[in-house]
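Chemist: A structural model of the following input is requested.
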Amino acid sequence: MQNIVWKGSPNFWSGRQGHKPEGIVIHIMAGTLIGTDAWFNNPKSQVSAHYGIGKKGEVHQYVKEEDSAWHAGKVSSPNALLVKPNINPNLYTIGIEHEGSESDEWTEEMKNASAALIRDICIRWNIPIDRNHIIGHYQITNKKPNCPAINKNIIDELIALASAQQPANPSAVEEGIKKIEDGLAIIKLVKK
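Modeler: Modelled structure (predicted):
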């Protein structure tokens, strides 16, 4: 498990109105991690994300995953399969911000921390690690054409890294496999 520093934000909805996380939205901060900490802590900003990742790989958390951060609610000409008509994406996505601007090169530390966090979230919420479930903010709104980056391949790179990493919590994966095996054993018994 990564070292995650809790920062908090007043900008969120408690709970998810009956929804659960089904995808992850990747963002760029258009600024620094410290600046984002302050902006997300300001009620007047009316924005937040669940996590922020710095260029050195530090991870800050602003909103609990069980709650709805305000990171992707404005939908305009979406092109992601994940986007549901007439349902605010904040209710079923987890937002991860990344330090820097849209034209910055991403550091290896930032990419590795992001990939590890993506993998952890996907394991926790049973989200497939693929391009349909891990999307850029630009795929929800055409008003953010370079969020998270001018280089759109960064998301593919994060997915590849997340897929290649070992599970952050191997016992949780083993427990999941055991539950599946137990379920299959019960099915076999019922069939007899």
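
Chemist: center of the chain, which residue is that?
Modeler: residue 24 (3.4 Å; C-alpha atoms, centre = their mean).

Chemist: my guess is it contacts residue 127, does it?
Modeler: Yes - under the criterion of C-beta atoms under 8 Å, residue 24 makes contact with residue 127 at 6.9 Å. No exception for glycine: its C-beta is placed from N, CA and C like everyone else's.

Chemist: list the residues that contact both of these two?
Modeler: 121, 133-134 (C-beta atoms under 8 Å, 6 or more residues apart in numbering).

Chemist: quick one: contacts of the longest strand anywhere in the chain?
Modeler: Longest strand in the chain, counting residues (DSSP state E): strand 93-98. Residues from elsewhere that reach strand 93-98, judged by C-beta under 8 Å, 6+ apart: 21-29, 36, 48-53, 65, 69, 71-72, 82, 106, 110, 114, 117-118, 121, 125, 148.

Chemist: Also stretch 78-86?
Modeler: Contacts of stretch 78-86 (C-beta under 8 Å, 6+ apart): 22-23, 75, 89, 92-93, 132-133, 135, 139-141.

Chemist: Residue 164: how many residues sit nearby?
Modeler: Residues near residue 164, counting by other C-beta atoms under 10 Å, number 10.

Chemist: do the same with residue 27
Modeler: Residue 27 has 23 nearby residues by other C-beta under 10 Å.

Chemist: what does residue 54 give?
Modeler: Residue 54: 23 neighbours (other C-beta under 10 Å).

Chemist: That one against residue 35, yeah?
Modeler: No - using C-beta under 8 Å, residue 54 is not in contact with residue 35, being 11.0 Å away.

Chemist: would residue 38 count as being in a helix?
Modeler: Yes - judged by DSSP: H, G, I helix; E, B strand; the rest coil, residue 38 forms part of a helix.
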